[in-house]
Structure formats: C-alpha cells, structure tokens
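K.L.:
Sequence first, predicted model second:
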Amino acid sequence: MPFRLHFGDDDLMRCRFAVSPLWETQEAVRTLRRPDRHGYHPHWLRRIREAARGPDLAPLWLLMPRRGHSPDFLGPPPIGPAAVFEDEIAQVRAADPGAAREDLARALADTPGALESSRGRAMLADPGRAVRELADLLEAAWHALVEPEWPRLRALLEADVAFHSRRLAEVGLGALLPELDRRLSWDARTLTVDWPGEHGRDLDGRGLVLMPSVFSWPDVISGFDPPWQPTLVYPARGLGGLWARRGAEAGEALVRLLGRGRAAVLAALTDPASTTALAHRLDLAPSSVSAHLTVLRDAGLLTSRRYGHQVLYERTPLGMALVSGG
C-alpha cells in the first residue's frame, strides 16, 4: 500500500531542491551494511576499505533499521540549497536532548534487539551524551568515507538539481515528480510513493524538500516529523557513470582545434559542473581549469550560471556538437 503526501496551495509554492553532505554521510554509513546498495559503488568501497575500519560505527548502525524510523536529528533536511557539512553537524550537536531521546527510542524500537542492548539503554539514559557521541561519529565518518570524494559526489548531485530545476520550469511540479523515480505518481495534488504500508500526510503549508542522493539508492525515502520540513529523497541521475573517469579523453581533431587542455575541459562537461569539480575530474590545477573555462565561454561553447555559492558550467549546443563531432 502507498505513502501519500497531500499538497495545498501554499505547498506548491514552497517546494525546493537541496543537497546535503550530512545526509550523504549518514547514508554512506548505512550503505556499508547494505550489500543491496553496493552495485554502483565498488570503486568507493575499495577506496574506503581501510578508512572504514577506523571509527566504531556500531552505535550509528543500531539506529538504522531496514524498515522503520531513523532519528531525524541525525540527518535533518539541509538548511540551505548548498549546505556545508560543518554547518549541518553543528545543527546535530545543538539537538535538544529531550526531543533526541524520543527520536532515539523510536529508532531503537524498530531495530530488533536494539532497545534492550547495553548501547541502546545507555543512549536513552543519557541522551545529551548520546547526541555528542553520535555527532562525533558522524564527523569521523564524513572525514573517512565521504569528504575525499565530495567534489565528485557534489558535482553529480548539483547536476541532478540543475537538470530537474529546468524540467520543473518546463513541465511543472505535477509532471516533474513522477520523473524523479518510477515509484512516484501524482494525481489531484497528491504525491503517491509506492511503498509497503499505508500512510498519509498533509503538508500543511510547509512544502517539500526534494533531495537527490548518491548513497540512498535504490531507496526512495520520505518523512521527517515537525519541526523538520517534509522531505523526499530520491536516487540521483547519472549514478552509472559516477566513478568513471570522465573527460580523460578528447578526440584528436578537437585537441588540434582547441588545444589539449581546453579540449579535455570541454569533453569533461558531460553534466553541469563547477571549476573545482572539473579540476578534480581532470587532475588539473583549478586556476588552469578556470582559464580554460573563460576562453570556452567567451567562444560560445559554454554557458555559466550561479547555484548557491558556486558557478556551474555546461556546454552550449555548439559545444555539444564539437565534442560529438557533429
């Protein structure tokens, strides 16, 4: 049976996209214990094999039931469209211990044996300490598992947001939502998620955060009780090419026309990306990539636009034609 979100007039005006490094960190931790999520991430799993042995992630896993509630305060909806991990983890550390205890108790109850375990009892006995220790664990997981690859992950997530923002302008919210995932449908201002179990919720003017995720695949996730804004997390576009070395090769004709550096940058722009993300993909200095981007944009091969604190570049139709040889 489905999960339904009912939209009012105000909700239609309060939908937004967001990207969250804290959410990706939490879901990366969950993915380590979920073999069904490993399909797209063998490169990442090999890279972090040693790093994952550092922090003891067991307390976090205790709060991550396969079905049921996970604590909202550990991965709240991002506070802005381009959230920074340091700001998000500060929000976790500021969680009210009383509210956190209720959140923890719900999650522990949904994990078989967790509520009666020594760790579970300790969390509920001293929720203030639990908040501090869990925040420390999430920060350690960020540094070990996600931060080294964040430029690549952020580029994919921001490309998803850029693409779906354009689609929202073209087709409207009702047509866009089913495009995010095959399990979503829209009818009469109601978003239906094809999930086990039946549940309905009125958004009550709070709108909806739409958040692409790398590590949540293959799941679609929704929820968040007040005071958090309702959120829908869906698998990001382009996961199949996430770990490929994109843009490493450019055609020789394009190299002769543009030079090797500018040809590599143009070929690497398979989706909208920032200077930092391109430098990471190509193993070039950001200053060199910036200079190439300026020339390519002035020549009409790229366009640029601001998203949050970053400028994203993408090919124009002429740039696409040059890369494809058309």
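P.N.:
The structure has been received and is ready for your questions.
K.L.:
what about residue 137, how many residues close to it?
P.N.:
Here the number of neighbours of residue 137 (other C-beta atoms under 10 Å) works out to 19. Quick note: C-beta positions are derived from backbone N, CA and C, even for glycine.
K.L.:
And residue 75, by the same measure?
P.N.:
Other residues lying near residue 75 total 24 when counted by other C-beta under 10 Å.
K.L.:
where does the nearest residue to it once chain neighbours are set aside fall, helix, sheet strand or coil?
P.N.:
Setting aside the residues directly before and after it, residue 75 is nearest to residue 26 in space (C-beta to C-beta, 6 or more residues apart in numbering), at 4.4 Å. Secondary structure for residue 26, judged by DSSP: H, G, I helix; E, B strand; the rest coil, is helix.
K.L.:
For residue 26, give me the pLDDT.
P.N.:
What the model reports for residue 26 is a pLDDT of 95.
K.L.:
residue contacts, it?
P.N.:
With contact taken as C-beta atoms under 8 Å, 6 or more residues apart in numbering, residue 26 is in contact with 60, 70, 74, 75, 138.
K.L.:
Not counting the helix or strand the last one falls within itself, show me its contacts.
P.N.:
Counting by DSSP states H and E, the secondary-structure element that holds residue 138 is helix 127-141. Contacts of helix 127-141 from elsewhere in the structure, counted by C-beta under 8 Å, 6+ apart, are 22, 25-26, 28-29, 54-57, 59-60, 63, 73-74, 89, 92-93, 95, 97-98, 100-101, 104, 122-124.
K.L.:
Narrow those residues to those that are buried.
P.N.:
Of all these considered here, the ones buried according to neighbour count by 16 or more other C-beta atoms under 10 Å are 22, 25-26, 28-29, 55, 57, 59-60, 63, 73-74, 89, 92, 95, 100-101, 104, 123.
K.L.:
what bits of the stretch 1-150 of the chain have low per-residue confidence?
P.N.:
For the stretch 1-150 of the chain, residues meeting the criterion pLDDT under 70 lie at 1.
K.L.:
Could you do the stretch 201-326 of the chain as well?
P.N.:
Applying pLDDT under 70 to the stretch 201-326 of the chain flags residues 240-241, 244-250, 307-309, 324-326.
K.L.:
any idea where the helices of it begin and end?
P.N.:
Remark: helices of the stretch 201-326 of the chain, listed N- to C-terminal, are 252-258, 260-268, 275-282, 286-298, 317-324; assignment by DSSP state H, counting those that start in this stretch.
K.L.:
Format those as JSON lines; extra columns: mean neighbour count and distance to residue 151.
P.N.:
Compiled in JSON lines, these are given as follows (neighbours: other C-beta atoms under 10 Å; distance: least, C-beta to C-beta, whole Å):
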{"stretch": "helix 252-258", "mean neighbour count": "14", "distance to residue 151": "24"}
{"stretch": "helix 260-268", "mean neighbour count": "22", "distance to residue 151": "13"}
{"stretch": "helix 275-282", "mean neighbour count": "22", "distance to residue 151": "4"}
{"stretch": "helix 286-298", "mean neighbour count": "17", "distance to residue 151": "10"}
{"stretch": "helix 317-324", "mean neighbour count": "15", "distance to residue 151": "22"}
